[in-house]
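A.B. asks: Starting from these lines, generate the structure:
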Amino acid sequence: MARPPAPPLHLTKKERTQLEEIAASVSLPHRAVREAKGLLMAGEGVANSSIAEVLGVSRSTELAGWAKCAKVEAANRSSPKNRLIR
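C.D. replies: Sure thing, here's the model as predicted:
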């Protein structure tokens, strides 16, 4: 039995803008650009398996990205600087 899709990732307007800038960059590392694109897709409610397929990574890599994102999000909420990416 298949699992239900993950809920869309909630992104603030500021976070979405930052991710869009990273995703469009030609000078940042490819990994950062790929992660930003994946997070934007997750914010639109795209399934993890579809994100992984589009970005050319394994589903486990995509899920690991979600885990990293959750840790960064928790740290950002407690940080006075409220940064998106560390």
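
A.B. asks: Relative to residue 8, how far out is the closest residue in space to residue 11 that isn't next to it in sequence?
C.D. replies: Among residues not flanking residue 11 along the chain, residue 43 sits closest, at 4.3 Å (CB to CB, 6 or more residues apart in numbering). Every C-beta, even on glycine, is put in place using the N, C-alpha and C of the backbone. Distance from residue 43 to residue 8, counting by CB to CB, to the nearest Å: 6 Å.

A.B. asks: do residue 45 as well
C.D. replies: According to CB to CB, residue 45 and residue 8 sit 4 Å apart.

A.B. asks: residue contacts, the residue nearest to residue 11?
C.D. replies: Applying CB atoms under 8 Å, 6 or more residues apart in numbering to residue 43 gives the contacts 8-11, 16, 19.

A.B. asks: Mind doing that once more with 7 Å?
C.D. replies: Counting by CB atoms under 7 Å, 6 or more residues apart in numbering, residue 43 makes contact with 8-9, 11, 16.

A.B. asks: Widest-spaced pair of these?
C.D. replies: Maximum pairwise distance among the contacts of residue 43 (CB to CB): 11.9 Å, between 8 and 16.

A.B. asks: rewinding a little: need the phi and psi values for the residue nearest to residue 11.
C.D. replies: phi -70, psi -20 (degrees, to the nearest 10).

A.B. asks: which element is residue 10 on?
C.D. replies: Using DSSP states H and E, residue 10 is not contained in any helix or strand.

A.B. asks: from here on, count from 296
C.D. replies: In the new numbering, first residue 296, that becomes residue 305.

A.B. asks: State the pLDDT value of it.
C.D. replies: Note on residue 305: pLDDT of 86.

A.B. asks: what's the distance between it and residue 311?
C.D. replies: Distance of residue 305 to residue 311, given as CB to CB: 10 Å.
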